[in-house]
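Participant: Model the structure of this input:
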Amino acid sequence: MPQLTFDIDALDPGSSARAGRFHTDHGVIETPIFMPVGTVGSVKSVPQRELKEDIGAQIILGNTYHLYLRPGTQVLESAGGLHRFMHWDGPILTDSGGYQVFSLADRRKITEEGATFRSHIDGSKHLFSPENSMDIQRSIGADIIMAFDECPPYPSEHQYARESMELTHRWLDRCIARLSETDALYGHRQSLFPIVQGSTYKDLRTQAAHEVAERGAEGNAIGGLSVGEPHEDMYAMTELVCGILPKEKPRYLMGVGTPANLLENMALGVDMFDCVMPTRNARHGFLFTWQGTMNMKNQKWADDHSPLDEMGTSLVDQYYSKAYVRHLIRSNEYLGLYICSVHNLAFYMDLVSEARKHIVAGDFVSWKNKVIPALDQRL
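Facilitator: Numbers count the residues shown, from 1 in each chain. As a prediction, this is how the structure comes out:
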């Protein structure tokens, strides 16, 4: 199958931000883009129709580890892949399972072969290797699949980070070999993204970025920068890596982050983002807006009957009041989770859409510097 393609439409003159288009068999992704996280084939609390029609999601993320455990590859293959199983006709990206293995530090063991772990569901024992991570992602059928890697914790000693990075590169070559031996199952192309690791060490990140770039993949990812390190370190590593990775390929910063994080990393050259923050915070009644953040549990909203967000573009922003949403959240009503989740995801989509417009207009940096102080304040 031919390679998936990435076109750059505009470059911001004041930064490394760019506006592009990533072509997949399930549609074109306009970048910069945020990908809602649909861990088990569902973006929590949000139906697929709202994802596409109200929120405007272009691509969503599924998780190999969770989908492997439930519903399992047999069910996914009998359904014709995740797209058909969950009735989503847009592009899908799958994490390789490496981050979940990282998060199971108390119940996994890493060797050259792969990572042995016990299920968080029933304690059963499993092995994730580069080979079966690729096989599982073939079964899922995502358009963009991630190489199996080890994500070192923060902080990590230099020696551990180096050994982890070298293991990730050996696993990457095994991923590439496995894909060359197998075919996509559902008639559409799948694109492999390697992952740059190296913790917060400049020498390791430099080496990893060069090695990943040499593999010539259709896109590249930056991992291990949402694991507790200071934002300044995140930005320094991102800038370093983006300066090495091929400019003609999309760059994906994994697991990041706040609205300000997105804008700052766009300025450094990142094209793609994902994070559970919009939906996870929504389930606690915490909303992101252009004026700042709102905690809907606060008493100040109890008798405020104005629209949830007068600047919001989602239907829920104009249809429901702050007082009503506070009531739902305080009452633990599921409708409150839905409203807040739709709002936050729609806001993130608006954020990347506005960023793209300003990149094309050539005034991204001045716009970014103007809006970030507002985004960070609490209302």
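
Participant: Find the least confident helix or strand in this structure, judged by mean pLDDT.
Facilitator: helix 98-103 (a mean of 70; mean pLDDT, DSSP states H and E).

Participant: So for the residue positioned nearest the centre of the chain, what pLDDT did the model give?
Facilitator: Computing the C-alpha centroid of the chain and ranking residues by C-alpha atoms, centre = their mean puts residue 274 first, at 1.9 Å. Residue 274 carries a pLDDT value of 97.

Participant: From residue 91, how far off is it?
Facilitator: Distance check for residue 274 against residue 91: by C-beta to C-beta, to the nearest Å, it reads 13 Å. The C-beta positions use only the backbone N, C-alpha and C, and glycine is treated the same way.

Participant: Now do the same contact list for the spatially most distant residue from the centre of the chain.
Facilitator: Most distant residue from the mean C-alpha position of the chain: residue 303, 36.3 Å away (C-alpha atoms, centre = their mean). Residue 303 sits next to residue 323 when contact means C-beta atoms under 8 Å, 6 or more residues apart in numbering.

Participant: so what pLDDT did residue 97 get?
Facilitator: 82.

Participant: How many neighbouring residues does it have?
Facilitator: 27 (other C-beta atoms under 10 Å).

Participant: For it, list the residues it contacts.
Facilitator: Residue 97 neighbours (C-beta under 8 Å, 6+ apart): 63, 64, 65, 68, 128, 133, 136, 148.

Participant: excluding its backbone neighbours, what's nearest the first one?
Facilitator: When you say that, I think you mean residue 63. Nearest residue to residue 63, sequence neighbours excluded (C-beta to C-beta, 6 or more residues apart in numbering): residue 39, at 4.6 Å.

Participant: and if you look at the last one?
Facilitator: When the adjacent residues along the chain are set aside, residue 148 lies closest to residue 133, with 4.0 Å between them (C-beta to C-beta, 6+ apart).

Participant: possible to save the contacts of residue 97 as JSON lines with pLDDT?
Facilitator: JSON lines is the format used below for the contacts of residue 97 (pLDDT from 0 to 100):
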{"residue": "63", "pLDDT": "94"}
{"residue": "64", "pLDDT": "96"}
{"residue": "65", "pLDDT": "94"}
{"residue": "68", "pLDDT": "96"}
{"residue": "128", "pLDDT": "93"}
{"residue": "133", "pLDDT": "97"}
{"residue": "136", "pLDDT": "98"}
{"residue": "148", "pLDDT": "97"}
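
Participant: So which residues of the stretch 151-300 of the chain form strands?
Facilitator: Under the criterion DSSP state E, counting those that start in this stretch, the stretch 151-300 of the chain carries strands at the ranges 191-193, 195-196, 220-222, 251-253, 272-274, 286-289, 292-295.

Participant: Can you tell me the strand partners of the shortest one and which way each runs?
Facilitator: Strand partners for strand 195-196, identified by DSSP bridges, are recorded as strand 220-222 (parallel).

Participant: Run the chain-centre distance for the strand it pairs with.
Facilitator: 11 Å (C-alpha atoms, centre = their mean, to the nearest Å).

Participant: So for that strand, mean pLDDT?
Facilitator: 98.

Participant: hmm, who's touching it?
Facilitator: With C-beta under 8 Å, 6+ apart, strand 220-222 has contacts from 146, 193-196, 212-213, 237-238, 241-242, 245-246, 249-254, 270.

Participant: filter the residues you listed to the buried ones?
Facilitator: Those of these that meet the buried threshold are 146, 193-196, 212-213, 237-238, 241-242, 245, 249-254, 270, by 16 or more other C-beta atoms under 10 Å.

Participant: re the thing from before, which elements pack onto whatever helix or strand the residue nearest to residue 148 lives in?
Facilitator: Using DSSP states H and E, the element containing residue 133 is helix 130-140. If you count contacts as 3 or more C-beta pairs under 8 Å, 6 or more residues apart in numbering; DSSP states H and E, helix 130-140 packs onto helix 64-69, helix 73-79, strand 92-95, strand 144-146, helix 158-181.
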